[in-house]
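when you get a sec, could you give me coordinates for this:
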Amino acid sequence: MSLRPETTRQIDAMVADVQSAGHVPSLAVGVVRDGELAHLATAGTDPRPHADLQYRLGSITKTMTAVLVMQQRDAGRLALDDPLRRHLPEADAAGPVTLRQLLGHAGGLQREPDGPWWERSEGVDLPTLLRGFSTAKIAYPPHRAFHYSNLAYGLLGGVLERITGTPWPQLLHERILAPLDLHRTTYAATEPYAPGYVVHPWHGTLREEPRTDTRAMAPAGQLWSTVTDLARWAAFLADPDPAVLAPDTLAEMCAPVIITDPETWQGGCGLGIQLNRDGDRIYVGHGGSMPGYVAGLATHRPSRTGVVSYANSYGFRTGSIRGLGHRILAHVLDTEPVAARPWRPADRPPPAEPAPLTGRWWWMGTPLDVGWDEHTGELVGVLRDTVVSRYAPEGPDRWRGVSGEEHGEVLTVLRDDAGRPVALDIATFVFTRTPDDEP
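Take a look at the predicted model:
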């Protein structure tokens, strides 16, 4: 789905302004709509960006590690409320900390493992990482407060390796990268790639940063990727391929485990997914940084619109890559809202079973209008003209809420002695055909 020329012109201007003011050697931003890269905006010449140029993902890697964990959960090989020590006995010092808490940065673990700064140093293997884990690494009691932890994701990678018997890089390739054709998302830098720099604040010279192999900490931030591949991943976070992850599981990942700023409720963390509020919109995704690089991914799931971004400098002189991505995403959604899905007439009246359930029902003087959606085979209940719930058939006279306020609740059809439906029992609230609740 292409964007209008005026929209792309304004996006290009935003990117150029940020690259100039931020003193960024190379900046690339992609806008994703309906599963496709709709626009690429670039600025800078060191090197000149393009859609197939690799940058380092940093902590966006965590979103893929989290999907690997959820795949194992769906396969029945772990439970989110398993304590970490069930799968990594060497991490017994974690006490009752669970996999769910680690995924959501609510386990109270310190940010980093032992040793020198792992992002800028050659990594260690899993046994060495575990030997450095002790009660000293617990910063807060579990779920007391949000506390971002790279260490948590190194440990989650260890859990995956123990459960599957497969090293994290191989598991990632087999379960995510190959099925989604993310062929330019790699463990190590693969030409063409952008070198990563620190920009000197006073005279603007560039110092190239090392490209490290972080080994056991790789699940927290190792990967390299391109605009094209990250756009596909953004599209996956909006509308996942069921062969890789069930849509309901991704929706579960995008629900908050913890609020990151309890005073304002502008941000939260799901199961490996960062959540940011912009007015009435929620963006899901993640930021990333490694020495010499920053990256961003933000997706608005209802509209299947996202923004992915990379820069090869460790931070900007002014502004941030996250702020740029969110501004561009808001601009696209404000200026080019997704068109409403066209209404389609039904080809035939509802079948015999749902037909007598349609029409107006009442509870305590409150109207519930029930319709039939031929295309999905669902009942559609509209309460007070605004609250919409959908119900799928589950058995004779039994329907299960599949969306809306009554999601998960049961609608039971009550009949008189002649077999006529006279009431709908929705989670014990009984709706009848008359406003005074008389059947």
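
neighbouring strands of the strand or helix carrying Ala38 in the sheet, and parallel or not?
Assigned by DSSP states H and E, Ala38 belongs to strand 36-44. Sheet pairing of strand 36-44 (DSSP bridges) gives strand 26-33 (antiparallel).

and the strand it pairs with, what's its mean pLDDT?
Here strand 26-33 scores 98 as its mean pLDDT.

same question for stretch 344-358.
Taken as a whole, stretch 344-358 carries a mean pLDDT of 92.

one more: stretch 201-216?
Average pLDDT, stretch 201-216: 95.

what do you get for stretch 431-439?
Mean pLDDT, stretch 431-439: 82.

how far off centre is the helix or strand following the strand holding Ala38?
Note on strand 36-44: by DSSP H and E, the next helix or strand toward the C-terminus is strand 55-56. Averaging C-alpha positions (C-alpha atoms, centre = their mean, to the nearest Å) puts strand 55-56 20 Å from its chain's average.

and for stretch 308-320?
Centre to centre, stretch against its chain (C-alpha atoms, centre = their mean), the figure for stretch 308-320 is 21 Å.

surely Trp362 is in a strand?
Yes. Under DSSP: H, G, I helix; E, B strand; the rest coil, Trp362 falls within a strand.

write down the beta-bridge partners of it, one by one.
For Trp362, the residues forming beta bridges with it (DSSP bridges) are Pro367, Thr432.

tell me the spacing between the residue nearest to Gly315 when sequence neighbours are not counted and Tyr55.
With C-beta to C-beta, 6 or more residues apart in numbering as the criterion, Gly315 has its nearest non-adjacent residue at 6.4 Å, and that residue is Val294. Where you see a C-beta, it was placed from the backbone N, CA and C, and this is true even at glycine. From Val294 over to Tyr55 the distance is 9 Å, taken as C-beta to C-beta, to the nearest Å.

and Leu271, by the same measure?
For Leu271, the distance to Tyr55 equals 25 Å [C-beta to C-beta].

the two: which has the busier surroundings?
Per other C-beta atoms under 10 Å, whichever of Leu271 and Tyr55 has more neighbours is Tyr55, with 29 against 24.

helix or strand: which one has the spatially closest residue to that one that is not a sequence neighbour?
With sequence-adjacent residues excluded and distances taken as C-beta to C-beta, 6+ apart, Tyr55 is closest to Tyr310, at 3.8 Å. Per DSSP H and E: Tyr310 is located in strand 305-311.

the helix or strand where Gly323 lies vs strand 36-44, what angle?
Element membership of Gly323 [criterion: DSSP H and E] is helix 321-335. Angle, helix 321-335 to strand 36-44, by axes from the mean of the first three to the mean of the last three C-alpha atoms, to 10 degrees: 130 degrees.

in the protein, which spans are helices?
Per DSSP state H, the chain carries helices over the ranges 5-22, 61-74, 84-87, 99-103, 126-131, 150-164, 168-172, 218-221, 227-238, 247-253, 321-335.

just send the ones you listed back as CSV, with mean neighbour count too.
Shown next, in CSV, are the helices of the chain (neighbours: other C-beta atoms under 10 Å):
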stretch, mean neighbour count
helix 5-22, 17
helix 61-74, 23
helix 84-87, 19
helix 99-103, 24
helix 126-131, 16
helix 150-164, 24
helix 168-172, 21
helix 218-221, 26
helix 227-238, 24
helix 247-253, 16
helix 321-335, 20
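
tell me which of these sits nearest to Leu414.
Taking C-beta to C-beta, helix 247-253 is the member of the helices of the chain nearest to Leu414, at 29.8 Å.

tell me where the stretch 151-300 of the chain has strands.
Secondary structure of the stretch 151-300 of the chain by DSSP state E, counting those that start in this stretch: the strands cover 197-199, 206-208, 224-225, 258-259, 267-269, 274-278, 281-290, 293-300.

neighbours of the closest residue to Ser121 other than its chain neighbours, just the number please.
Once flanking residues are discounted, Ser121 sits nearest to Thr212: 6.3 Å by C-beta to C-beta, 6+ apart. Using other C-beta under 10 Å, Thr212 has 19 neighbouring residues.

run through this structure and note the low-pLDDT ranges.
Scanning the chain for pLDDT under 70 picks out 437-439.

so it: which segments form each domain?
Split into domains by automatic domain parsing, the chain comes to 5-335, 355-432.

ranking those domains by burial, who's on top?
Among those, domain 5-335 has the highest mean neighbour count (mean count of other C-beta atoms under 10 Å), at a mean of 19.

got the end-to-end distance for it?
One end of domain 5-335 to the other measures 12 Å (C-alpha to C-alpha, to the nearest Å).

before we move on, what about stretch 411-421?
One end of stretch 411-421 to the other measures 12 Å (C-alpha to C-alpha).

if we can go back for a sec, okay, and the common contacts of Val294 and Tyr55?
Taking C-beta atoms under 8 Å, 6 or more residues apart in numbering as the criterion, Val294 and Tyr55 both touch Tyr310, Ala311.

sheet partners, orientation included, of the strand holding Tyr310?
Assessed with DSSP bridges, strand 305-311 is paired to strand 26-33 (antiparallel), strand 293-300 (antiparallel).

can you give the contact residues for that strand?
If you take C-beta under 8 Å, 6+ apart as the criterion, strand 305-311 is touched by 22, 24-33, 49, 55, 194, 227, 230-231, 233-235, 237-238, 285, 293-300, 321, 324-326, 328-329, 332-333, 338.

between the domains of the chain, which one is nearest to Arg344?
domain 355-432 (6.9 Å).

what about that closest one, distance to the chain center?
Mean-position distance between domain 355-432 and its chain equals 32 Å (C-alpha atoms, centre = their mean).

oh, and call the first residue 35 from now on, that's how I've got it
Renumbered: residue one is now 35, and that last one reads domain 389-466.
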